[in-house]
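S.K.: turn this into a model:
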Amino acid sequence: MFAGIVIGVIGFILGALIAYLLGVRSKAGLLIAGVLGAVFAPILIVLITLVIFIVLITIILFIVFLLVIVFKIIPLPIRGAWHALFLTGSLEKVLFCGLTYC
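M.R.: All right, here's what the predicted structure looks like:
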């Protein structure tokens, strides 16, 4: 909760500061810009975090794709699951046990 208050206050200050730098000089205009900044700051933080995670997951999947397809190297987790699937003959055991042989 404290983090949300801090983010809101920082958003309020940044919103008012950006409006001031863009030429808004009235107190009402600065107040409206500050409130909009406080409202949209948490939303922007969540969106930026989501974009960062999506980019990281895409990069990791691309690296795995390069390893498997281009360099013909099968990463150990994929290899372990593949061998476990063929050794047990059951997808349920592989999913239940994870990558360990049980």
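
S.K.: how does this structure divide into domains?
M.R.: 2-71, 73-102 (automatic domain parsing).

S.K.: which stretch in these has the least confidence?
M.R.: Least confidently modelled of the domains of the chain is domain 73-102, at a mean of 60 by mean pLDDT.

S.K.: show me where the chain has its helices.
M.R.: When assigned using DSSP state H, the helices of the chain occupy the ranges 2-21, 27-65, 76-88, 91-97.

S.K.: OK, contacts around Leu14?
M.R.: Gly37, Ala41 (C-beta atoms under 8 Å, 6 or more residues apart in numbering). Where you see a C-beta, it was placed from the backbone N, CA and C, and this is true even at glycine.

S.K.: swap the cut-off to 7 Å and go again
M.R.: Contacts for Leu14 (C-beta atoms under 7 Å, 6 or more residues apart in numbering) come out as Gly37.

S.K.: swap in the one 5 residues further on?
M.R.: Shown here is Ala19, whose contacts under the criterion C-beta under 7 Å, 6+ apart are Gly29, Leu30, Ala33.

S.K.: report the buried members of these.
M.R.: Burial by neighbour count, 16 or more other C-beta atoms under 10 Å: within those this picks out Leu30, Ala33.

S.K.: in CSV: the contacts of Ala19, plus distance to Ile52.
M.R.: Shown next, in CSV, are the contacts of Ala19 (distance: C-beta to C-beta, whole Å):
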residue, distance to Ile52
Gly29, 33
Leu30, 31
Ala33, 27
